[in-house]
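Peer 1: sequence-free structure coming up:
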């Protein structure tokens with residue numbers, strides 16, 4: 001007789017069948033009648049069952065169960081045999097346990113945490129007289145749009161919190177963009193769509209500006225081929241009629257890592273040109289010269305992980321006359337950082 005059965009017999013916990021007799025459970029673990037089970041297999045098997053099934057099997061009607069009081073209080077299995085070892089005890093209950101073990105187990109999938117990405121862009125501006133100003137822009141995506149808030153140090157220096165505050169919104173497809181400055185009421189509203197004219201896709205961008213100047217710009221561009229794009233920019237002055245002198249015509253040529261963009265202003269009859277050189281996968285240089293203002297600008301953009309975070313942009317701008325060439329150029333430095341919260 002096994003030690004477990006001996007303990008049960010000494011404590012008087014050996015149970016008979018629920019309905020008048022005939023069957024008993026031997027200490028060796030073999031069932032003597034149909035519907036009985038091994039006194040050793042049950043304590044080892046019950047911990048693997050759901051709680052609801054444990055409750056139903058705790059009070060059997062047609063089977064003899066030998067459960068030790070020690071196991072019932074500690075709920076620990078008496079042996080280390082896996083569930084498949086019950087196949088050695090060919091009883092109806094052991095076959096039921098084997099069948100339950102083959103059923104698929106449902107696992108509750110963990111819901112991923114919804115992290116919000118916030119892009120922080122500090123800005124440092126140093127003019128030719130070495131006067132420094134700063135600003136900060138924070139933007140985040142929500143739905144199909146990007147929302148941004150920008151502040152400058154004007155509010156700190158002037159004492160007005162609204163001075164230098166700028167609110168922005170832009171759809172991901174670029175079809176709508178709005179910028180508003182509550183301090184002075186300035187705004188920029190830009191709408192962009194594509195239309196088809198004689199089997200050609202023409203991109204139309206309308207920009208309404210109310211700030212240092214009040215004007216509306218209509219920008220139309222059409223792709224001639226894979227490398228060439230034609231552009232026309234027209235400035236609509238309020239209360240004025242159409243005039244070709246308000247137009248700027250341009251051309252964009254792309255080849256490999258070089259992009260050329262000459263423009264001609266019909267009003268000032270001046271030429272401007274921009275050259276963009278993609279140095280490598282992370283670095284890009286762009287130089288711009290405008291004959292009407294005699295001003296040049298050089299911009300270096302690094303889209304890699306320089307200094308950590310996102311892209312870095314440094315712009316140097318200066319007048320190209322004799323007196324200004326002896327002064328320090330105006331520098332603007334911006335840096336992107338992405339923060340998850």
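Peer 2: Noted; the coordinates are in hand. The shown structure was predicted, so the numbers you read here are calculated from the model rather than taken from an experiment. Numbering: from 1, shown residues only.
Peer 1: where does the stretch 51-200 of the chain dip in pLDDT?
Peer 2: Confidence mapping of the stretch 51-200 of the chain against pLDDT under 70 gives the ranges 51-115.
Peer 1: Please enumerate the helices of it.
Peer 2: 51-57, 69-74, 92-101, 154-158 (DSSP state H, counting those that start in this stretch).
Peer 1: what's residue 181 in contact with, if anything?
Peer 2: 165, 166, 167, 187, 211 (CB atoms under 8 Å, 6 or more residues apart in numbering). Glycine gets a C-beta too; all of them are placed from N, C-alpha and C.
Peer 1: again, but for residue 151
Peer 2: By CB under 8 Å, 6+ apart, the neighbours of residue 151 are 135, 136, 137, 164, 165, 166.
Peer 1: Kindly report the same for residue 138.
Peer 2: Counting by CB under 8 Å, 6+ apart, residue 138 has contacts 118, 119, 120, 121, 148, 149, 150.
Peer 1: The last one: how many residues sit nearby?
Peer 2: Read that as residue 150. 18 (other CB atoms under 10 Å).
Peer 1: quick one: which two of the contacts of residue 138 are the most distant?
Peer 2: 118 and 150 (13.6 Å; CB to CB).
Peer 1: Confirm for me that residue 290 is in contact with residue 274.
Peer 2: No: with contacts counted by CB atoms under 8 Å, residue 290 stays clear of residue 274, the gap being 9.4 Å.
Peer 1: before we move on, back to that, I only care about the contacts of residue 181 that end up buried; give me the ChimeraX line for that.
Peer 2: In ChimeraX, a selection of the buried entries from the contacts of residue 181 looks like this (16 or more other CB atoms under 10 Å):
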select :165,166,187
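Peer 1: Just the ones in strands from the contacts of residue 181, please.
Peer 2: Of the contacts of residue 181, the ones assigned to strands by DSSP state E are 166, 167, 187.
Peer 1: quick one, strands of the stretch 51-200 of the chain?
Peer 2: Applying DSSP state E, counting those that start in this stretch to the stretch 51-200 of the chain gives strands spanning 117-126, 132-142, 145-152, 166-171, 176-180, 187-197, 200-210.
Peer 1: just so I know, which of these lies nearest residue 252?
Peer 2: Among these, strand 200-210 sits nearest to residue 252 (CB to CB), with 12.0 Å.
Peer 1: Tell me the strands beside that closest one, with direction?
Peer 2: If you go by DSSP bridges, strand 200-210 pairs up with strand 187-197 (antiparallel), strand 214-223 (antiparallel).
Peer 1: And the protein, split by domain according to the record?
Peer 2: 3-101, 117-340 (automatic domain parsing).
Peer 1: shouldn't residue 246 be in contact with residue 234?
Peer 2: Yes: applying CB under 8 Å as the test, residue 246 and residue 234 come out as touching, 6.0 Å apart.
Peer 1: I'd guess residue 240 is in a strand, am I close?
Peer 2: No: counting by DSSP: H, G, I helix; E, B strand; the rest coil, residue 240 falls outside a strand, being coil.
Peer 1: rewinding a little: now the contacts of residue 151 as a markdown table including distance to residue 183?
Peer 2: What follows is the contacts of residue 151, written out as a markdown table (distance: CB to CB, whole Å):
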| residue | distance to residue 183 |
| --- | --- |
| 135 | 13 |
| 136 | 16 |
| 137 | 16 |
| 164 | 7 |
| 165 | 6 |
| 166 | 9 |
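Peer 1: So which of those is the closest to residue 204?
Peer 2: Nearest member of those to residue 204, counting by CB to CB, is residue 166, at 25.8 Å.
Peer 1: Not counting sequence-adjacent ones, nearest residue to that closest one?
Peer 2: With CB to CB, 6 or more residues apart in numbering as the criterion, residue 166 has its nearest non-adjacent residue at 4.0 Å, and that residue is residue 150.
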